[in-house]
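Engineer: Here's a sequence, model it:
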Amino acid sequence: MNMNNSDAQALFESLNTTKTVSSTEIIIAPPSLYLSEFASKKCKQIYLAAQNCSDNENGAYTGEISASMLYSIGVKYCLVGHSERRQYQKESDLLLKQKVNALLKNKVMPIFCCGENLDKRKSGDFYQVIQGQIENSLFHLTDSEIKEVVIAYEPIWAIGTGVTASSGQAQEIHAFIRSLLVEKYSLQTAAEISILYGGSCKASNAKELFMNRDVDGGLIGGAALDADSFSAIIESF
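Structural biologist: This is a model prediction of the structure:
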């Protein structure tokens, strides 16, 4: 929940005119208020994501935005289960499962967020937490459906704290997530699913994180609010 309209427009225009690596896919997730206007602009290689959507198709749900509405204005992706929504809006695994279903039904790709807090990291229970989140919300999907999902690992203890998971820690969890996908589906299917790292990723550490075999990109927070910073992260990939 950052930037008024003029600031958001300036950032978008700056990103849209920056020369970037042609093979790198760039997705931005502005507040929903700005999605329609951004969607109307000609974009080089920038795709739009919503930060949230309703699990309902339509009806008397004041203040909500449906997956079909997002699709109708050209939004390709939508975040599901971001750690802040899990914490502040108390979103459950079952609710997130329903949101995933609604998005896939309407041809919008979910970016499914999972991750552990500091207590679970310290106790060593983080593998069970991440496995439970993924199994409860995603493993009902068919092989073809899971290929339409992007997974983002968020070490909650490293978001906004300035602390970053080491390159080795990031690879360890990403490899674990990939192994869950292999076990449930297949090696080929698991290889086709992008797993993003989202925890205080910035220009100074992005290259090291992205060099890991199972880190396919980043879910960037504060560092994406500055065009130069975000562009440097994109170039590092």
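Engineer: Where does pLDDT dip in this structure?
Structural biologist: Applying pLDDT under 70 to the chain picks out residues 18-22.
Engineer: which residues in this structure form strands?
Structural biologist: Assigned by DSSP state E, the strands in the chain fall at 26-28, 46-50, 77-80, 109-114, 150-153, 195-197, 217-218.
Engineer: Give me the distance from the helix ranked longest in the chain to the chain's centre.
Structural biologist: If you go by DSSP state H, the chain has its longest helix at helix 167-184. With CA atoms, centre = their mean, to the nearest Å as the basis, helix 167-184 stands 16 Å off its chain's centre.
Engineer: same check, this time on stretch 81-96
Structural biologist: Distance of stretch 81-96 from the chain centroid (CA atoms, centre = their mean) equals 14 Å.
Engineer: Same question for stretch 64-71.
Structural biologist: 17 Å.
Engineer: and what of stretch 50-58?
Structural biologist: Remark: stretch 50-58 is offset 15 Å from the chain centroid, using CA atoms, centre = their mean.
Engineer: ok, the residue most central in space within the chain - contacts?
Structural biologist: Per CA atoms, centre = their mean, the C-alpha nearest to the average position across the chain is that of residue 111, at 4.2 Å. Each residue near residue 111 by CB atoms under 8 Å, 6 or more residues apart in numbering is listed here: 27, 49, 77-80, 149-152, 196, 219. The C-beta positions use only the backbone N, C-alpha and C, and glycine is treated the same way.
Engineer: so how far is residue 96 from it?
Structural biologist: Separation of residue 111 from residue 96 (CB to CB, to the nearest Å): 12 Å.
Engineer: got it, and residue 157?
Structural biologist: 21 Å.
Engineer: Repeat that for residue 190.
Structural biologist: 20 Å.
Engineer: who has more neighbours, these two?
Structural biologist: The residue with more neighbours, out of residue 190 and residue 96, is residue 96; 24 against 20, by other CB atoms under 10 Å.
Engineer: overlap in contacts of residue 111 and residue 96?
Structural biologist: Applying CB under 8 Å, 6+ apart, one finds that residue 111 and residue 96 are jointly contacted by residue 80.
Engineer: Mind listing the residues bridging to the residue nearest to residue 29 when sequence neighbours are not counted?
Structural biologist: Spatial nearest neighbour of residue 29, excluding adjacent residues (CB to CB, 6 or more residues apart in numbering): residue 49 at 4.0 Å. Beta-bridge pairing of residue 49 under DSSP bridges involves residue 77.
Engineer: Can you name the residues that contact residue 49?
Structural biologist: With contact taken as CB under 8 Å, 6+ apart, residue 49 is in contact with 27-29, 75-79, 111.
Engineer: Throw the residues you listed into TSV and include distance to residue 104, thanks.
Structural biologist: Converted to TSV, the contacts of residue 49 look like this (distance: CB to CB, whole Å):
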residue	distance to residue 104
27	17
28	21
29	18
75	14
76	13
77	12
78	10
79	14
111	12
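Engineer: with these in mind, which one is nearest to residue 53?
Structural biologist: Closest approach between the contacts of residue 49 and residue 53, by CB to CB: residue 78, at 5.1 Å.
Engineer: isn't residue 164 right next to residue 200, touching?
Structural biologist: Yes. Contact status for residue 164 versus residue 200: in contact at 4.4 Å, counting by CB atoms under 8 Å.
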